[in-house]
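1. From the sequence below, what's the structure:
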Amino acid sequence: MKCPHCLVDYHDSFAKITNSQDKDGFWEIYIDTCPSCERIILKLRHINAFGERKDTLIRPKGIPRAPCPKIVPDDVAVDYKEACLVFDDSPKASAALSRRCLQTLLRNHGKSIKKDLADQIQEILDSGKLPSYLAENIDGIRNIGNFAAHPLKSTASGEIAEVEPGEAEYCLDTIELLFDFYFVQPDIAKTKRAALDAKLKDLGKPAMKQP
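-> Model prediction:
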């Protein structure tokens, strides 16, 4: 499995440390330690009267994902982090936060002037400014979320609404790709240009032309 703390793959060996029972079924807590980062991982297992089992990660809280890049501005980072945090407890809440995060991204950083999320997505797609893989992903949010059947997702993107299977995680995946496109890669390119300009200056040559 992948450690939810450091995201390094390892062979898990969870051990049950306690169990109890009430009218809602059996409750068990399992513990493991990542050999890479040496952090403890805890999960809660619930088995109901029908024998259905559900495991919930209780340490660390939320879905295991790469940390939000530090360069991502707070206007989107806060919603993204909370969407990851509540994912296990409520995919519906996670998806709502992700849609709000996406709407902020497209408005503040994609320069969309539309009001509703579905219209923003279409405006960004029509602009042709996104690479094809990203265009397909944000269009996928609209299709997987079935905005036509659930207009609340488009007109009030931060509101709680029913989600399709896999929709909440797909939203997070797409936002990560947009973070890379809007913030991470431009910052890497800027750093490389600055390093090259410094070398050119040392050689007595003019700096690169700015894009």
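
2. What part of the chain, helix or strand, is modelled with the least confidence?
-> When each helix and strand of the chain is scored by mean pLDDT, DSSP states H and E, helix 152-155 comes last, with a mean of 68.

3. For whichever helix or strand comes after that helix, which helices and strands make contact with it?
-> Once the chain leaves helix 152-155, the next helix or strand it forms, by DSSP states H and E, is helix 167-179. Contacts defined by 3 or more Cβ pairs under 8 Å, 6 or more residues apart in numbering; DSSP states H and E place helix 167-179 against helix 74-85, helix 91-104, helix 132-144. Where you see a C-beta, it was placed from the backbone N, CA and C, and this is true even at glycine.

4. what separates the second one from the chain centre, distance-wise?
-> Between the centre of helix 91-104 and the centre of its host chain there is 10 Å, according to Cα atoms, centre = their mean, to the nearest Å.

5. repeat for stretch 38-45
-> Centre-to-centre, stretch 38-45 and its host chain are 21 Å apart (Cα atoms, centre = their mean).

6. and it, what's its mean pLDDT?
-> Across stretch 38-45, pLDDT averages out at 93.

7. Buried ones in it, by neighbour count?
-> Ile41, Leu42, Lys43, Arg45 (16 or more other Cβ atoms under 10 Å).

8. same question, stretch 109-125
-> Going by 16+ other Cβ under 10 Å, stretch 109-125 has these buried residues: His109, Gly110, Ser112, Asp116, Leu117, Ala118, Gln120, Ile121, Gln122, Ile124, Leu125.

9. out of these, which are inside helices?
-> Secondary structure assignment by DSSP state H places Leu117, Ala118, Gln120, Ile121, Gln122, Ile124, Leu125 of these in helices.

10. quick check: domain ranges of this structure?
-> As assigned by automatic domain parsing, the chain contains the domains 15-59, 74-186.

11. give the contact list for the residue nearest to the spatial centre of the chain.
-> With distances taken as Cα atoms, centre = their mean, Leu172 lies nearest the centre of the chain, 2.9 Å away. Leu172 sits next to Ile63, Arg65, Tyr80, Ala83, Cys84, Phe87, Ser94, Ser98 when contact means Cβ atoms under 8 Å, 6 or more residues apart in numbering.

12. Show me how far the lengthiest helix in the chain is from its chain's centre.
-> As assigned by DSSP H, the longest helix anywhere in the chain is helix 185-202. Once both centres are worked out by Cα atoms, centre = their mean, helix 185-202 turns out to sit 29 Å from its chain's centre.

13. Put the alpha carbons of it into PDB.
-> The C-alpha trace of helix 185-202 is given here as PDB (Å, rounded to 0.1, in the frame of the first residue of the first chain):
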ATOM      1  CA  GLN A 185       5.300  24.700 -14.100                       C
ATOM      2  CA  PRO A 186       5.400  28.500 -14.600                       C
ATOM      3  CA  ASP A 187       7.400  28.800 -11.400                       C
ATOM      4  CA  ILE A 188       9.900  26.100 -12.500                       C
ATOM      5  CA  ALA A 189      10.300  27.900 -15.900                       C
ATOM      6  CA  LYS A 190      10.800  31.200 -14.100                       C
ATOM      7  CA  THR A 191      13.500  29.800 -11.900                       C
ATOM      8  CA  LYS A 192      15.300  28.200 -14.900                       C
ATOM      9  CA  ARG A 193      15.100  31.500 -16.800                       C
ATOM     10  CA  ALA A 194      16.600  33.400 -13.800                       C
ATOM     11  CA  ALA A 195      19.400  30.900 -13.600                       C
ATOM     12  CA  LEU A 196      20.200  31.200 -17.300                       C
ATOM     13  CA  ASP A 197      20.000  35.000 -17.100                       C
ATOM     14  CA  ALA A 198      22.500  34.900 -14.300                       C
ATOM     15  CA  LYS A 199      24.900  32.800 -16.400                       C
ATOM     16  CA  LEU A 200      24.400  35.100 -19.400                       C
ATOM     17  CA  LYS A 201      25.200  38.100 -17.200                       C
ATOM     18  CA  ASP A 202      28.400  36.500 -16.000                       C
END
